[in-house]
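**Student:** Compute the structure for the input listed below.
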Amino acid sequence: MTTGQHPAAAPGAPGPPGAPAEAAGIASLAVRDLLHGPQQAGQVFAVVQGMLVVAFPGAPREPRVMAISAPDAVRLPNAIIAGIPAAALAVTVPAGPAARSVTGPQKALKKAARTTEPPDGAATAGGGWVRIGGTLNVQARRWWDPSPVVGPLSRGRLDQGAAVLSRVCRQGTPGPALADHEAVQTLATCCAAGDLAGSVEQAEHLVGLGAGIVPAGDSVLCGLLLALRLLGGAIAGGSRAVWLADWLSAAVTSYASERTTPLAASLLHCAARGQASAEAAAVLHGVAGEDPVEPAARRLLTVKAAAALGTADLAWGMVAGCRAAQALSVS
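**Tutor:** Residues are numbered from 1 along each chain as shown. All right, here's what the predicted structure looks like:
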């Protein structure tokens with residue numbers, strides 16, 4: 001099993017003229033069932049910088065979306081990193097109805113994952129491969145674990161790390177879209193107070209809130225769940241934070257596929273299980289004092305497709321989760 005930051009994948013192997021390109025991939029354990037279960041039919045519904053986003057709506061469980069990413073792109077918790085340059089990924093799906101805008105409304109994005117399109121954007125997953133039309137085949141050769149493990153954490157270390165993360169978020173351009181949104185502020189207050197009913201109510205308001213392939217509200221929730229579960233679980237007396245994460249996870253993943261985009265729904269399910277992007281995991285380790293937090297936070301905010309994926313709001317959700325975990329550990 002392979003862990004760590006973006007190890008190099010083997011280069012794609014050229015085939016005969018007209019044959020699809022083949023590449024070795026490093027896949028997240030989160031998509032193991034999708035890659036090795038019964039063959040699933042899917043559709044490319046978005047092309048993001050350095051990434052193809054492919055939905056498999058008939059898959060029996062989440063994540064039902066897989067990101068096929070170039071080695072230098074963000075490594076989402078549901079990604080397979082293909083040994084193929086970003087420029088090559090970008091032209092894998094020709095311009096047209098199969099390649100959807102990442103800024104379209106939620107209804108259009110959700111429809112794209114369920115609508116049969118021309119074969120250029122058709123996809124299949126199974127047998128250890130993901131295949132995009134007749135242009136690209138990626139085989140999972142190695143695996144990485146998207147579930148970071150954080151060691152014992154003191155309240156002082158958590159407070160210091162959260163303060164640095166908050167400052168970097170505020171200084172970022174663009175910063176978190178929902179930093180000052182009333183629902184986010186109320187959610188943070190309810191979580192810190194251990195108000196389960198209020199926390200669930202506010203969290204449900206955030207599902208699908210915002211535009212784009214990953215609405216800002218979902219990004220905030222992902223960050224909150226990751227911090228509550230992984231950092232809250234590492235702090236002495238943090239069982240209440242994990243308990244809160246369990247309840248919030250159940251609330252925000254229920255009917256997520258009907259309320260937000262396919263990618264955001266899959267990311268919510270991943271966060272509910274404690275599965276994070278490699279960049280978010282580095283921030284969590286930084287907050288825990290295992291690595292410098294500021295470089296990791298800046299990397300998260302500036303990685304390719306950061307704006308489309310809402311990484312600033314993800315980080316802001318982590319700040320809220322850190323504050324709640326700290327408050328709940330002494331109550």
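
**Student:** following the helix or strand of the chain with the lowest mean pLDDT, which helix or strand comes up?
**Tutor:** Every helix and strand of the chain was ranked by mean pLDDT, DSSP states H and E. The lowest is helix 106-112, at a mean of 43. Next in sequence after helix 106-112, counting helices and strands by DSSP states H and E, comes strand 122-126.

**Student:** distance between the following helix or strand past that next one and the chain's centre?
**Tutor:** Once the chain leaves strand 122-126, the next helix or strand it forms, by DSSP H and E, is strand 129-132. Centre-to-centre, strand 129-132 and its host chain are 20 Å apart (Cα atoms, centre = their mean, to the nearest Å).

**Student:** same for strand 129-132, what does it pack against?
**Tutor:** In terms of contacts (3 or more Cβ pairs under 8 Å, 6 or more residues apart in numbering; DSSP states H and E), strand 129-132 is packed against strand 51-55, strand 65-69, strand 122-126, strand 136-144. For glycine as for every other residue, the C-beta is placed from the backbone atoms N, C-alpha and C.

**Student:** Go again with 7 Å.
**Tutor:** Under the contact definition 3 or more Cβ pairs under 7 Å, 6 or more residues apart in numbering; DSSP states H and E, strand 129-132 sits against strand 122-126, strand 136-144.

**Student:** For the first one, give the mean pLDDT please.
**Tutor:** Regarding strand 122-126, the rounded mean pLDDT is 95.

**Student:** what distance separates the start and the end of stretch 125-134?
**Tutor:** End-to-end span of stretch 125-134 (Cα to Cα, to the nearest Å): 13 Å.

**Student:** What of stretch 222-238?
**Tutor:** 19 Å.

**Student:** Please apply the same query to stretch 137-154.
**Tutor:** From its first residue to its last, stretch 137-154 covers 46 Å (Cα to Cα).

**Student:** before we move on, the earlier item: present the helices and strands packed on strand 129-132 as JSON lines; the columns should include distance to Ile213 and mean neighbour count.
**Tutor:** Shown next, in JSON lines, are those (distance: least, Cβ to Cβ, whole Å; neighbours: other Cβ atoms under 10 Å):
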{"stretch": "strand 122-126", "distance to Ile213": "17", "mean neighbour count": "20"}
{"stretch": "strand 136-144", "distance to Ile213": "20", "mean neighbour count": "21"}
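
**Student:** what's the closest of the ones you listed to Leu301?
**Tutor:** Across the helices and strands packed on strand 129-132, the minimum distance to Leu301, taken as Cβ to Cβ, is reached by strand 136-144, at 22.2 Å.

**Student:** which helices and strands sit right next to that closest one?
**Tutor:** strand 21-28, strand 79-82, strand 129-132.

**Student:** packing partners for the longest one?
**Tutor:** With contacts defined as 3+ Cβ pairs under 7 Å, 6+ apart, the packing partners of strand 21-28 are strand 79-82, strand 136-144.

**Student:** Can you show me the helices along the protein?
**Tutor:** 32-36, 86-90, 106-112, 155-171, 182-193, 196-206, 216-226, 239-253, 256-259, 262-272, 278-287, 293-302, 306-309, 311-328 (DSSP state H).

**Student:** any chance of those in TSV, with distance to Gly127 too?
**Tutor:** Listed next are the helices of the chain as TSV, based on distance: least, Cβ to Cβ, whole Å:
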stretch	distance to Gly127
helix 32-36	7
helix 86-90	21
helix 106-112	25
helix 155-171	41
helix 182-193	42
helix 196-206	38
helix 216-226	30
helix 239-253	28
helix 256-259	25
helix 262-272	21
helix 278-287	26
helix 293-302	34
helix 306-309	29
helix 311-328	33
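
**Student:** As JSON lines, those helices with distance to Pro77 and mean neighbour count would be great.
**Tutor:** Shown next, in JSON lines, are these (distance: least, Cβ to Cβ, whole Å; neighbours: other Cβ under 10 Å):
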{"stretch": "helix 32-36", "distance to Pro77": "12", "mean neighbour count": "19"}
{"stretch": "helix 86-90", "distance to Pro77": "19", "mean neighbour count": "16"}
{"stretch": "helix 106-112", "distance to Pro77": "19", "mean neighbour count": "18"}
{"stretch": "helix 155-171", "distance to Pro77": "19", "mean neighbour count": "18"}
{"stretch": "helix 182-193", "distance to Pro77": "22", "mean neighbour count": "20"}
{"stretch": "helix 196-206", "distance to Pro77": "19", "mean neighbour count": "18"}
{"stretch": "helix 216-226", "distance to Pro77": "9", "mean neighbour count": "30"}
{"stretch": "helix 239-253", "distance to Pro77": "14", "mean neighbour count": "20"}
{"stretch": "helix 256-259", "distance to Pro77": "15", "mean neighbour count": "19"}
{"stretch": "helix 262-272", "distance to Pro77": "4", "mean neighbour count": "28"}
{"stretch": "helix 278-287", "distance to Pro77": "8", "mean neighbour count": "26"}
{"stretch": "helix 293-302", "distance to Pro77": "13", "mean neighbour count": "20"}
{"stretch": "helix 306-309", "distance to Pro77": "12", "mean neighbour count": "21"}
{"stretch": "helix 311-328", "distance to Pro77": "11", "mean neighbour count": "27"}
